[in-house]
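Chemist: Provided below are the primary sequence and the corresponding predicted coordinates.
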Amino acid sequence: MLKRVIEWSVQNKFLVLLLALFAAVGGALAMGRTPLEAIPDLSDVQVIIQTDYQGQAPQLVEDQVTYPIASEMLKVPGAQTVRGYSFFGVSFVYIIFDDGTDLYWARSRVLEYLSGIRGRLPEEADVALGPDATGLGWVYQYVLEDTTGTRSLADLRSIQDWFLRYQLTAVPGVSEVATVGGFERAYEVTLDPDRLRGFGISVPAVMDAIRGANQDVGAMVLEMAEREYMVRGLGYIEELSDIESVVLGATETGTPIRVADVAQVQFAPQVRRGVADLDGRGDVVGGIVIMRFGENALATIQRVKEKITQIEDGLPPGVVLTSVYDRSELIHRAIDTLKEKLLEESLVVALVCLVFLFHVRSALVAILTLPLGILMAFIAMRVLDLGADIMSLGGIAIAIGAMIDAAIVMIENMHKHLEREIGEKRRRYIAEGKPVSFGEGKFPTSFLTSRERWGVVIRSSKEVGPALFFSLLIITVSFLPVFALEAQEGRLFKPLAWTKSLSMASASLLSVTMVPVTMGLFIRGTLYAEERNPVYRALVWVYKPILEFALRLKWPVLGATLAILVLTVIPLQRIGSEFMPPLNEGTILYMPMTLPGISVRTAHEAMRRQDSILATFPEVVSVFGKAGRANTATDPAPLAMFETTIVLKPEEEWREGLTWDDLIREMDVAVQFPGIPNSWTMP
């Protein structure tokens, strides 16, 4: 069958080339639309339930909220693990599902079971699902700063919560914009117990009165002068005096008793469970853009930046937005590095082809196979919804060497057939007394007619093509065990296995279709015998004595090989293991932990001291610290956990001779504080 495919391809050259052109154009379009990321998302399929239960102690939150929800979520189909965390005033329940579960199906099932338990939860508990995002979704972070010094942290927090957050959440691909740091403004009513006792008013009565006064009400329709007027009662609280004027009752003489008579009303910040700092300069307001699950990270970040550019003019004078973490820089660096290495590999392969084939046109056949095979792999990647990242592009890099094998072997075989065909025809011409214009060792393809040359193409391709096709398929299926990996291992290595297998499959298909056609088109001109290639002669001169030696002393050579194999057990036992190697992102995540129960003020002061020291390093661009959690369900961090993102300058601008490890060691020594063990990792 494969021989018939080869023969059909040669007989339909134009159609094969046209299909190859379509594949190249389709692959280029698919490559442009392939989602770009730095690494595969290794996160589990999980749904987060966040419950705000303001002012309640962790034990009460655990008993009344976390435990009832977690026990109910155990019934959800496909739920593999259910974890509950209880903090002061907030509860998190994580439901982790089996691999392969659709995230949105899982969210709908969780909502179904959650609706059945709402009646068993306290009325004050505010239950909501977390964003449809993963731990890899924190793609962009920024801070708001006031250059005029006239706005408080509460003002900046209001700008973030009521302006920026809504604008950026509307960007396609963004699941949530979380706020961290600053002060969330609240109305605080401080009651005077003596006055309450004197007027005979209870605390619940004050709470009910304020709650009842903060609402609009609608009434009937009033008809006047042939027109209708809707009667409304406007009662929403807008300023402090509105609360002070709320009536709680009346004295015996009928004098109204107002809130101002029994309490002091003022603005005050909400209890904070997270603080932020920039470069050790003090408290700031920050925002975290969280990408929706499965979105194109690079495209999402680009849209966020464009939106920020549009809305910056709408910010109050003196308020500026500063980026402190941008994942797109890492993505660009990772993809550019891989593109550079893929180009280098392709050039090396092309150079090897030129050197060993000793014929430029023949080398073009092999070289053209690479980009076309890669573009065809990108078409399959889009169909399978695979993104481009370090692992998936790494699979292509691994496959490049083997992708070109079939083309090189087929070219070599055609050279041999051409040499025989031209040699026989030359001898026949000499025997018949016809003139021949070339000597021994030269094989001009023009000596053959077009029909004869294409006949050589078909015969040489059919001789080795099927065997090469199956040999490439064997290499393709060699990665099948990788597809059996599960959990994080599977999510990490399956993209590599897919792209490597797809590239090899593309090369297999090209080896029996396009390669024979391009051989007939490009292998022209004068060919030379292998013996005239100096590289070939040098390699044979080195290889032949070694081969003869090995064949003469078969058993000693086999014994030495076996001994070397056995000896490899020693270094194998001493080599360490790690799930992922360190990834130099150009950004460092400094994550120290301190004692549980630390106060907000103490945590912020400790983090500020660390950030101010780290900001003094000449290699550092910015230091953005976060203690505690941001206003998102994806961040259950306690105040004892610091997360400091250190953005570095390009390595060309570092001190001479300074390496990545050296910089980490210097920073580690500089921020040694009692009770705060250091940890250095990657965002």
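Modeler: Received, thanks.
Chemist: which residues are contacting stretch 442-449?
Modeler: Stretch 442-449 has contacts (Cβ atoms under 8 Å, 6 or more residues apart in numbering) with 418-419, 421-423, 425-426, 438, 453, 456, 523-529. Bear in mind the C-beta positions are built from the backbone N, C-alpha and C, glycine included.
Chemist: Which ones among those lie within strands?
Modeler: Among these, the ones falling in strands (DSSP state E) are 526-528.
Chemist: May I ask which of the residues you listed has the most neighbours?
Modeler: Going through those with other Cβ atoms under 10 Å as the criterion, the one with the most neighbours is Leu527, at 24 neighbours.
Chemist: If it is in a bridge, with which residues?
Modeler: Phe443 (DSSP bridges).
Chemist: Any regions of the stretch 351-500 of the chain where pLDDT drops low?
Modeler: Under the criterion pLDDT under 70, the flagged ranges of the stretch 351-500 of the chain are 439.
Chemist: residue ranges of the helices in the stretch 501-650 of the chain, please?
Modeler: Across the stretch 501-650 of the chain, reading from the start of the chain, the helices by DSSP state H, counting those that start in this stretch fall at 514-522, 534-552, 554-567, 569-574, 600-614.
Chemist: count of residues packed around the closest residue to Tyr53 other than its chain neighbours?
Modeler: Spatially, and ignoring its direct neighbours in sequence, Tyr53 is nearest to Ala125 (4.7 Å; Cβ to Cβ, 6 or more residues apart in numbering). The local packing count at Ala125 equals 18, with neighbours defined by other Cβ under 10 Å.
Chemist: Surely Ala125 is in contact with Gly55?
Modeler: No: with contact defined as Cβ atoms under 8 Å, Ala125 and Gly55 do not form a contacting pair (11.5 Å).
Chemist: hmm, back to that, tell me the most buried of the helices of the stretch 501-650 of the chain?
Modeler: Each of the helices of the stretch 501-650 of the chain was scored by mean neighbour count; the highest is helix 514-522, a mean of 24, by mean count of other Cβ atoms under 10 Å.
Chemist: Averaged pLDDT, that helix. What do you get?
Modeler: The predicted model assigns helix 514-522 a mean pLDDT of 86.
Chemist: who's in contact with it?
Modeler: 6, 9-10, 13, 16-17, 20, 361-362, 364-365, 368-369, 372, 406-407, 410-411, 414, 453-454, 457-458, 460-461, 465.
Chemist: got it, and stretch 497-509?
Modeler: For stretch 497-509, the external contacting residues (Cβ under 8 Å, 6+ apart) are 369, 372-374, 376-377, 380-381, 384, 386, 392-396, 398-400, 402-404, 406, 469, 472-473, 475-477, 479-480, 482-483.
Chemist: repeat that with 7 Å
Modeler: The set of residues external to stretch 497-509 that reach it, using Cβ atoms under 7 Å, 6 or more residues apart in numbering, is 369, 373-374, 376-377, 380-381, 384, 386, 392, 395-396, 398-399, 402-403, 406, 469, 472-473, 475-476, 479, 482-483.
Chemist: Select only the buried ones of the residues you listed in PyMOL?
Modeler: Those of the contacts of stretch 497-509 that count as buried under 16 or more other Cβ atoms under 10 Å are selected in PyMOL with:
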select buried, resi 369+373+374+376+377+380+381+386+392+395+396+398+399+402+403+406+469+472+475+476+479+482
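Chemist: Contact partners for Met31?
Modeler: 375, 378.
Chemist: Using CSV, list the CA coordinates for the strand or helix carrying it.
Modeler: Using DSSP states H and E, Met31 sits in helix 13-33. Listed next in CSV are the C-alpha coordinates belonging to helix 13-33 (Å, rounded to 0.1, in the frame of the first residue of the first chain):
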residue,chain,number,x,y,z
LYS,A,13,3.3,16.1,-8.2
PHE,A,14,1.3,19.3,-8.5
LEU,A,15,-1.5,18.0,-6.2
VAL,A,16,1.0,16.9,-3.6
LEU,A,17,2.8,20.3,-3.7
LEU,A,18,-0.5,22.1,-3.5
LEU,A,19,-1.5,20.1,-0.4
ALA,A,20,1.9,20.8,1.1
LEU,A,21,1.4,24.5,0.5
PHE,A,22,-2.1,24.4,2.1
ALA,A,23,-0.6,22.5,5.1
ALA,A,24,2.1,25.2,5.4
VAL,A,25,-0.4,28.1,5.3
GLY,A,26,-2.7,26.3,7.8
GLY,A,27,0.2,25.5,10.1
ALA,A,28,1.3,29.1,10.0
LEU,A,29,-2.2,30.3,10.9
ALA,A,30,-2.4,27.6,13.7
MET,A,31,0.9,28.7,15.0
GLY,A,32,-0.2,32.3,15.3
ARG,A,33,-3.4,31.3,17.1
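Chemist: Okay, strands next: where are they in the stretch 201-350 of the chain?
Modeler: Listed in chain order, the strands of the stretch 201-350 of the chain (DSSP state E, counting those that start in this stretch) span residues 217-224, 227-233, 247-250, 256-258, 263-269, 274-278, 285-291, 319-326.
Chemist: Show me what secondary structure element comes after the lengthiest helix in the chain.
Modeler: Under DSSP state H, the helix in the chain containing the largest number of residues is helix 327-357. Scanning forward in sequence from helix 327-357 by DSSP H and E, the next helix or strand is helix 360-383.
Chemist: What's the separation between the residue lying farthest from the centre of the chain and Glu651?
Modeler: Computed with Cα atoms, centre = their mean, the residue of the chain farthest from its C-alpha average is Gly433, at 72.6 Å. With distances defined as Cβ to Cβ, to the nearest Å, the gap from Gly433 to Glu651 amounts to 73 Å.
Chemist: Same check on Gly625?
Modeler: 23 Å.
Chemist: same check, this time on Leu370
Modeler: According to Cβ to Cβ, Leu370 stands 31 Å off from Glu651.
Chemist: and the two? which has more neighbours close in?
Modeler: Legend: neighbour count by other Cβ under 10 Å for Leu370 and Glu651, higher for Leu370 (23 against 13).
Chemist: Now do the same contact list for the more buried one.
Modeler: Leu370 is in contact with 346, 349, 400, 403-404, counting by Cβ under 7 Å, 6+ apart.
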